[in-house]
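Student: Sequence first, then the predicted structure:
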Amino acid sequence: MTYDPDEAPLATAGLFGLPFSVDEAALVIVPVPWDATTSYRAGTSGGPAAIRAASHQLDLYDIELGEPWRSGIAMLDLPEDIAAWNHDAREDAEPIIAVGGRIDGNDELAHLLGRVNAASARLDERVHADVAGLLERGKLVGVIGGDHSVPFGAIRAHAERGELGILHIDAHADLRDAYEGFACSHASIMRNVMTRVPGVLRLVQVGIRDVAKSEIDFIAASNGRIVTHFDERLAEQKLEGASWRVLCDAIVADLPPRVYVSFDIDGLDPQLCPHTGTPVPGGLSFQEACLLLKRVVETGHRIIGFDLNEVAPGPEGDEWDANVAARLLYKLCGWTLRSAR
């Protein structure tokens, strides 16, 4: 293959400007433009396209990883059918979101809620089928959303191939029960995983700083199956002199050997993702997130798959969020490829 990573890619080039087909790639990215149940600020359905466009600005040599692109990274075409499903489901969801999910006695809203939940279940099955098909072909698979409800089918597909733990980086615990009535809400993804995917041995959460009492109770009732490293406590330890590497190793020690990474971009400091759906002060720096991923692999764990969600394009074409996300995505790809060796 004749390819020069130092040349500027064409606008029509694939993810990171790379020329690989899905057949040629070791790692395949599945884009899912979906944000039907986003309750605060919509727009993350535009994340996959924005990340692909911003990815053309990356230099592909990584100081720690070398040239992971050489293993082959490809992204599926943006699915027009899912975009259409999202448009319809979002229209149905808007009046429900407007009343905070309080629809008792309103038959019209109850009908709309049923339609949104059915559309979300349909999406779960589609993502599951797409990811399972790629895994069957021997590919490593990552998913980019969309809101954080997107990866349920991907996590299920990976768990069907062997028990795993989830490293969940997020500002939110995502352990609510059917938030605003939406059974597959972005705020319920990890509760759905922990109650419906038996192959998940443990959920290890990092950066959580916006949480409901019901979620605290759910964590406490998990008998150690959910371990949450709250952002405030991590920040306090750092302020008192603990090194981030030592904290990373304590986090990673809670994980089983096979690790799936579920990364909500709002797990980062919101200066890095100001347009995400639900930004929260605090969070990880870019380098802290990268060191955490590095320590997962360096401690002998294997990253078997991942997702990256809640990236929203800024107004008037602002690419900052997507720029950060594209670089984070390259790190996720690189460490996943490294750990597969």
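Tutor: Sure thing, it's come through.
Student: can you give me the strands in the chain?
Tutor: With DSSP state E as the criterion, the chain has strands at 27-32, 73-75, 140-145, 164-169, 200-208, 226-230, 258-264, 302-309.
Student: Now tabulate those strands in CSV and tack on distance to Phe16, mean pLDDT and mean neighbour count.
Tutor: The C-beta positions use only the backbone N, C-alpha and C, and glycine is treated the same way. Listed next are those as CSV, based on distance: least, Cβ to Cβ, whole Å; pLDDT from 0 to 100; neighbours: other Cβ atoms under 10 Å:
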stretch, distance to Phe16, mean pLDDT, mean neighbour count
strand 27-32, 10, 98, 26
strand 73-75, 6, 98, 24
strand 140-145, 12, 97, 26
strand 164-169, 22, 98, 25
strand 200-208, 26, 98, 23
strand 226-230, 31, 98, 20
strand 258-264, 17, 98, 25
strand 302-309, 14, 98, 26
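Student: so can I have a markdown table of these showing distance to Glu236?
Tutor: What follows is those, written out as a markdown table (distance: least, Cβ to Cβ, whole Å):
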| stretch | distance to Glu236 |
| --- | --- |
| strand 27-32 | 36 |
| strand 73-75 | 38 |
| strand 140-145 | 31 |
| strand 164-169 | 19 |
| strand 200-208 | 14 |
| strand 226-230 | 10 |
| strand 258-264 | 22 |
| strand 302-309 | 27 |
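Student: of those strands, which approaches Tyr179 most closely?
Tutor: Ranking the strands of the chain by distance to Tyr179, with Cβ to Cβ as the measure, places strand 258-264 first at 14.6 Å.
Student: Quick check: which helices or strands does that closest one pack against?
Tutor: helix 152-159, strand 164-169, helix 286-298, strand 302-309, helix 320-339 (3 or more Cβ pairs under 8 Å, 6 or more residues apart in numbering; DSSP states H and E).
Student: export these to CSV and tack on distance to Asp62?
Tutor: Output for the helices and strands packed on strand 258-264, formatted as CSV (distance: least, Cβ to Cβ, whole Å):
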stretch, distance to Asp62
helix 152-159, 24
strand 164-169, 19
helix 286-298, 10
strand 302-309, 15
helix 320-339, 6
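Student: looking at those, which is closest to Ala178?
Tutor: helix 152-159 (13.5 Å).
Student: send the alpha carbons of that closest one over as CSV?
Tutor: Only the C-alpha atoms of helix 152-159 are listed here, as CSV (Å, rounded to 0.1, in the frame of the first residue of the first chain):
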residue,chain,number,x,y,z
PHE,A,152,-25.5,-1.3,25.0
GLY,A,153,-25.6,-3.6,22.1
ALA,A,154,-21.8,-3.4,21.7
ILE,A,155,-21.1,-4.3,25.3
ARG,A,156,-23.6,-7.2,25.0
ALA,A,157,-21.8,-8.5,21.9
HIS,A,158,-18.4,-8.4,23.6
ALA,A,159,-19.7,-10.0,26.8
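Student: any residues touching it, and which ones?
Tutor: 30, 123-132, 135, 141, 143, 164, 166, 184, 189, 192-193, 196-200, 260, 262, 304-305, 307 (Cβ atoms under 8 Å, 6 or more residues apart in numbering).
Student: The same query, at a cut-off of 6 Å, please.
Tutor: Helix 152-159 is contacted from outside by 124, 127-128, 131-132, 143, 192-193, 197, 199-200, 260, 304-305, 307, using Cβ atoms under 6 Å, 6 or more residues apart in numbering.
Student: Lovely, talk soon.
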